[in-house]
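[1] Below are the sequence and a predicted model for it; my questions follow.
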Amino acid sequence: MRSETPAISVLLPVRNGMPYLPAAVDSVLGQTWGDFELIVIDDGSTDGTANYLQGVIDPRLRVVESDEPGLAGALNTGLALARAPRVARQDADDRSAPERFERQMAYLDAHPEVTVVATCAEFVDHDGRAVENAWTSSVRRQQDPSETPDQIRSLMPLTCCITHGSVLMGADAVRACGGYDAATVPAEDYDLWLRLLPDHQIAKLSARLYEYRVHPAQSSALRRRDQTVSVIAAKLRFLRRQVPWLPWPARLVLPCDDRGAALFREVGPSEGYETKPAERSWWRDSTDVVVVTDFSALPRVAAADTIRADYAQFGNMFVRRRPFYNRPSASCRRTLAALNPKRLTTCACAHSACSSRAGACIASIASMAEATESGDDSAHCCPGA
């Protein structure tokens, strides 16, 4: 007998989902873990989506119309209707392996400290054939190896390293951080992970339990530039949340001259960052933030003596430290308590007075994908720690 409150609420937003939608729905209804509700949120479909859904007979299926237009609006509609303590995602053009929910539920039950668990993904084309290209190879090489909460916490500020459609997550945690932000679409997932990251653990199963379809009509392919702009905005907002003492505007230097740097120059001013040319003396006191847009140059920049001594790293962003941040003391602890008495935590350098949210010490939570793969744990938020 199915319980009144399901264990999982599956959110499947759709807008003109044919011809892939039936395969996506079938993959959910065919899960070996059967205690769930599938909430399909129709965001104004004009193709055969509505007719198809009317013909699906399964008591676990709920079809609703979105309260607000757009992907984030549809997801927030589903999140508000979800009855289960855990919420799973499923995209309308992808498929889940039959054992996906069962294995994710087992992981979360065994690791109650984890809020979000994703899985690795297979990549297929329009006809379901495997896709192998430069992008999928980079995902396999740089993102798939990051599975533990520590690895994901390190890599996420650099790049989104989990597949949105594959996640199972705590519903209350997502609601508490504000749900999905419509202003960040089409990078609404990355923005959500960065907002969850400081207080919640994210993990990933190594098994490829999600089939991600790569085709010209998918939203990410149609809005690639918009997605990059939204990713940059999400990163810069994340940096301000982690480093709240940054001035407005903060002085941001871009040592590289490439497409990524051009987009940072475009986005920076609206997020409170004044971009500066990379002169020879860019590392001096006039610089608050350094952003390295050529990822291949990151190891060299991170290894520079000036950067190691004076800056803390968040992905491909480096923030200048203040001198007293490196010397946690009783007075620092009293200052922290006055700022936010509930947020005194232990940071990566094991100084009990440090709190990344209140601002006593910048945790060096981001390293390159190469460092993640090699197991490099030499980065500390305080010099000499």
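    Here it is on my side, so go on.
[2] Parallel or antiparallel, which strands does the lengthiest strand in the chain pair with?
    For the chain, the strand with the greatest residue count under DSSP state E is strand 201-213. In the sheet, strand 201-213 lines up against strand 95-96 (antiparallel), strand 114-124 (parallel) (DSSP bridges).
[3] out of those strands, deepest packed?
    The highest average neighbour count among the strands paired with strand 201-213, using mean count of other Cβ atoms under 10 Å, belongs to strand 95-96 at a mean of 24. All C-beta spots, glycine's among them, are computed from the backbone N, C-alpha and C.
[4] Residues touching it, excluding its own?
    23, 24, 26, 27, 28, 31, 90, 166, 209, 210, 211, 213 (Cβ atoms under 8 Å, 6 or more residues apart in numbering).
[5] In CSV, list the residues you listed along with distance to residue 188.
    Shown next, in CSV, are these (distance: Cβ to Cβ, whole Å):
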residue, distance to residue 188
23, 24
24, 19
26, 26
27, 22
28, 21
31, 25
90, 15
166, 15
209, 22
210, 18
211, 21
213, 19
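[6] Show me which pair in those residues is furthest apart.
    31 and 213 (18.6 Å; Cβ to Cβ).
[7] And the helices in the stretch 201-350 of the chain, which stretches?
    Residue ranges of the helices in the stretch 201-350 of the chain, as given by DSSP state H, counting those that start in this stretch, are 219-222, 224-242, 259-267, 298-303, 305-310, 330-339.
[8] Please render these as JSON lines that adds mean pLDDT and mean neighbour count to the earlier fields.
    Formatted as JSON lines, the helices of the stretch 201-350 of the chain follow (pLDDT from 0 to 100; neighbours: other Cβ atoms under 10 Å):
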{"stretch": "helix 219-222", "mean pLDDT": "53", "mean neighbour count": "12"}
{"stretch": "helix 224-242", "mean pLDDT": "95", "mean neighbour count": "19"}
{"stretch": "helix 259-267", "mean pLDDT": "96", "mean neighbour count": "17"}
{"stretch": "helix 298-303", "mean pLDDT": "92", "mean neighbour count": "16"}
{"stretch": "helix 305-310", "mean pLDDT": "86", "mean neighbour count": "14"}
{"stretch": "helix 330-339", "mean pLDDT": "46", "mean neighbour count": "14"}
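[9] returning to what we had before: can I have the buried ones of the contacts of strand 95-96 as a ChimeraX selection?
    Here is the ChimeraX command that selects only those of the contacts of strand 95-96 that count as buried (16 or more other Cβ atoms under 10 Å):
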select :24,27,28,31,90,166,209,210,211,213
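[10] Just the closest of the contacts of strand 95-96 to residue 126, please.
    residue 213 (7.4 Å).
[11] What's opposite residue 251 in the beta bridge?
    Where residue 251 sits in a bridge, its partners, by DSSP bridges, are residue 274.
[12] For it, give me its contacts.
    273, 274, 276, 286, 287, 288, 289.
[13] Look at the second one and say how many residues are nearby.
    Other residues lying near residue 274 total 15 when counted by other Cβ atoms under 10 Å.
[14] Now do the domain split for the chain, please.
    8-222, 248-374 (automatic domain parsing).
[15] Confidence-wise, which of those domains is weakest overall?
    For those, mean pLDDT drops lowest on domain 248-374, to a mean of 68.
[16] If we ignore the residues flanking it in sequence, what's nearest residue 160?
    residue 190 (4.2 Å; Cβ to Cβ, 6 or more residues apart in numbering).
[17] quick one: contacts for that neighbour?
    Contacts of residue 190 by Cβ under 8 Å, 6+ apart are 160, 184, 230, 231, 234.
[18] give me that answer again for 10 Å
    Neighbouring residues of residue 190 by Cβ atoms under 10 Å, 6 or more residues apart in numbering: 156, 159-162, 164, 184, 227, 230-231, 233-235, 238.
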